[in-house]
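I'd like to go over a predicted model; first the sequence, then the structure.
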Amino acid sequence: MTSFAAIARPAAVPPSERRLISSGSEFERVAGFSRAVVQDGWVFVSGTAGFDYAVGSIAEDVEQQTHQAFHNIAAALAEAGAGLADVVRARVHLTDAADFAVVGPLLSAYFGDSRPANTILVSGLIDPRTKVEIEVTARLP
């Protein structure tokens, strides 16, 4: 049987040009991903749910989850040297299409005049408590 290390693709970008950002989420460790990756002037923020990592909890309602997801995204962007105004692409996953009535206006409020390209999908999410997950790509200023 071939090991994962034997088939892993060698890093194409020197580590000094690629920066990984972690929120400390248990999900990152278990699934082997970073909250964000900074490379070549871009910031790629992984799908981010409304977990409050400081206390290890998630609110029950989609509005509070959305606020917390944006708080988590803004923290990752800030660590990378960017902000929500630098976001050029967003993908939003909702578990219930009816929640768009709540989430849509929040997207507009958080993104303001930057108005990134956006896709909103109805998806099944891994944790049944999660009602919204947001992924963004930003350009460093």
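Arrived safely.

which secondary element of this protein has the worst mean pLDDT?
helix 4-7 (a mean of 52; mean pLDDT, DSSP states H and E).

and the next element down the chain from that helix?
strand 18-21 (DSSP states H and E).

tell me which other helices or strands that next one touches.
In terms of contacts (3 or more Cβ pairs under 8 Å, 6 or more residues apart in numbering; DSSP states H and E), strand 18-21 is packed against strand 36-39, helix 62-80. To be clear about C-beta, it is placed using only N, CA and C from the backbone, and glycine gets the same treatment.

and the contacts of it?
With contact meaning Cβ atoms under 8 Å, 6 or more residues apart in numbering, strand 18-21 is reached by 11, 34, 35, 36, 37, 38, 39, 76, 79, 80.

so, low pLDDT: which residues of the chain?
1-16 (pLDDT under 70).

now, of the contacts of strand 18-21, which are buried?
Buried members of the contacts of strand 18-21, counted by 16 or more other Cβ atoms under 10 Å: 34, 35, 36, 37, 38, 76, 79, 80.

including distance to residue 118, could those go into a markdown table?
As requested, these are arranged in a markdown table below (distance: Cβ to Cβ, whole Å):
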| residue | distance to residue 118 |
| --- | --- |
| 34 | 22 |
| 35 | 20 |
| 36 | 18 |
| 37 | 20 |
| 38 | 22 |
| 76 | 18 |
| 79 | 23 |
| 80 | 20 |
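
what is the nearest of these to residue 101?
Using Cβ to Cβ, residue 76 is the member of the buried ones among the contacts of strand 18-21 that sits closest to residue 101, with 27.0 Å.

you'd agree the closest one is up against residue 36?
Yes. Between residue 76 and residue 36 a contact is recorded at 4.2 Å, counting by Cβ atoms under 8 Å.

give me the common contacts of those two.
21, 43, 45.
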